[in-house]
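>>> what's the 3D shape of this:
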Amino acid sequence: MRLQLIAAWAAGLVCASGGLARAQDVTQQVDVHGFYYKETSTRVVQPRMEVLAQIPRTSTLVGAEYSLDAISSASIAAGNRVSDNILTEYRNQVGARVVQSLNRLRLPVPARVGANYLRSRESDYDSDTVGGQASVDLFERNTTWTLAYSHSFDTVYDRPRRTRRDSLDTDFLSLSVAQLLSPTSVGVVGFEYAYLNGFQQNPYRTVATAGNLNEVVPLIRNRYTAFGRVAKLLPASGTTLQAIYRFYHDDWGLNANTLEGRLYQDVTPNLDVRLAYRYYTQGHAYFAKARYDTRVDQAYTSDPKLFAFDSHYIEGQARLHLSGLHGLQFWGWFENGFVEATFGVLYSGSTFGNCGPLDPTHECADKFLALGLTLPL
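Have a look, this model is predicted:
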């Protein structure tokens with residue numbers, strides 16, 4: 001179950017949303033990445049592979065992906081404050097998606113529809129997600145509206161006996177619009193809503209009560225996110241600047257703000273680099289306390305993600321375009337591909353991450369490394 005949270009967060013540090021907008025620009029490619037995440041008591045290794053291909057003589061793009069998450073951690077990282085044993089878990093995930101252009105229908109505007117499916121399995125958690133998307137281009141493709149919906153069916157199991165323990169259903173809805181502001185700038189604004197109904201606590205996490213009981217949180221959670229992004233290209237210097245803001249609110253009383261800036265720079269015709277900085281701050285859930293009285297409190301948690309904290313994330317990436325290899329035996333397969341390396345460090349306050357500028361007595365231990373190879377088919 002922890003893999004659903006930690007590995008997805010780690011991969012999201014460098015992976016942009018793979019929606020319809022991306023599918024418009026990619027026709028056929030193989031993408032192989034390896035991710036490594038390290039904190040005080042947790043290690044996550046995630047190899048991932050994705051294949052995208054356009055069906056010949058059609059406007060149909062199909063994709064398939066596979067990822068394996070291997071996580072090793074002390075049991076205290078899972079919320080067990082009694083013992084500190086080393087645990088190793090694995091999560092296998094497969095996915096498929098299809099994007100179809102509707103140009104053949106001769107609609108008054110260009111439009112696309114898509115569908116996707118994700119299947120994830122680990123020792124104590126199963127997850128299946130189905131979704132659909134639609135996008136339309138307006139005003140000579142200067143404006144793009146995108147609507148997406150997905151539903152996740154999750155099942156929680158008792159690890160030793162592999163018996164069903166509980167379930168969680170999640171509905172996710174997003175709406176965004178991208179607008180070309182000038183020949184060298186673009187803006188995006190959007191809104192996301194998620195409705196969660198079911199088992200949301202960590203079954204292995206205990207809480208400081210009279211009897212050190214297991215964590216209990218509400219069954220229902222409504223989550224709202226508004227976001228905006230502006231990107232500006234400076235052609236003379238080969239520089240691209242991005243500014244991103246996200247505001248989050250849910251009915252557990254938790255509010256969060258995220259500010260992020262990115263700089264992309266062409267160093268040579270074949271090499272570009274990216275620098276990014278992200279500041280994140282959040283409050284606490286209405287039921288989050290240091291200690292609880294079970295005679296009064298109906299929900300109690302020791303999850304640091306539900307308490308107030310700030311974090312600073314710094315990331316650097318280098319990407320090399322592979323060219324001049326055509327005609328060479330074996331190496332010709334890599335022509336027009338890309339190799340990239342990404343390294344990031346998370347500085348965090350409170351107990352989340354247990355490091356950073358707010359606690360200088362601790363060396364920051366939250367680090368992230370990714371290596372990737374993208375090849376055209």
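>>> The closest residue to V44 other than its chain neighbours: which element?
Take V44 and drop its neighbours on the chain: the residue closest to it by Cβ to Cβ, 6 or more residues apart in numbering is Y37, 4.1 Å away. The C-beta positions use only the backbone N, C-alpha and C, and glycine is treated the same way. Assigned by DSSP states H and E, Y37 belongs to strand 29-38.
>>> just how off-centre is that strand within its chain?
Centroid separation between strand 29-38 and its chain, computed with Cα atoms, centre = their mean, to the nearest Å, is 13 Å.
>>> packing partners for that strand?
With contacts defined as 3 or more Cβ pairs under 8 Å, 6 or more residues apart in numbering; DSSP states H and E, the packing partners of strand 29-38 are helix 2-12, strand 42-54, strand 366-376.
>>> about what we covered before: I'd like the distance between the residue nearest to V44 and G324.
Distance of Y37 to G324, given as Cβ to Cβ, to the nearest Å: 35 Å.
>>> list the buried ones in the longest strand seen in the chain?
Counting residues, the longest strand found in the chain (DSSP state E) is strand 163-182. Buried residues in strand 163-182, defined by neighbour count with 16 or more other Cβ atoms under 10 Å: 165, 168, 170, 172, 174, 176, 178.
>>> Make sure the second one is actually in contact with L196.
So that's L168. Yes: using Cβ atoms under 8 Å as the test, L168 is close enough to L196 to be in contact (6.5 Å).
>>> what about the helices in the chain?
Taking DSSP state H to define them, one finds helices in the chain at 2-12, 20-25.
>>> which stretch in these is the model least sure about?
In terms of average pLDDT, helix 2-12 trails the rest of the helices of the chain, at a mean of 40.
>>> Enumerate every residue touching the closest residue to D250 other than its chain neighbours.
With Cβ to Cβ, 6+ apart as the criterion, D250 has its nearest non-adjacent residue at 4.5 Å, and that residue is R223. By Cβ atoms under 8 Å, 6 or more residues apart in numbering, the residues touching R223 are 192-196, 248-250.
>>> Now which of those residues would you call buried?
Buried among these by 16+ other Cβ under 10 Å: 192, 194, 196, 248, 250.
>>> re the thing from before, for the longest strand of the chain, the distance to its chain's centre please.
12 Å.
>>> Neighbours of G332, how many?
10 (other Cβ atoms under 10 Å).
>>> do the same with the one 5 residues further on
Here the neighbour count serves as a burial measure; for G337 (other Cβ under 10 Å) it reads 18.
>>> Look at the nearest residue in space to it that is not next to it in sequence and say how many residues are nearby.
Of all residues beyond its chain neighbours, the one nearest G337 is L375 (4.1 Å), with distances taken as Cβ to Cβ, 6+ apart. Close neighbours of L375, defined as other Cβ under 10 Å, add up to 17.
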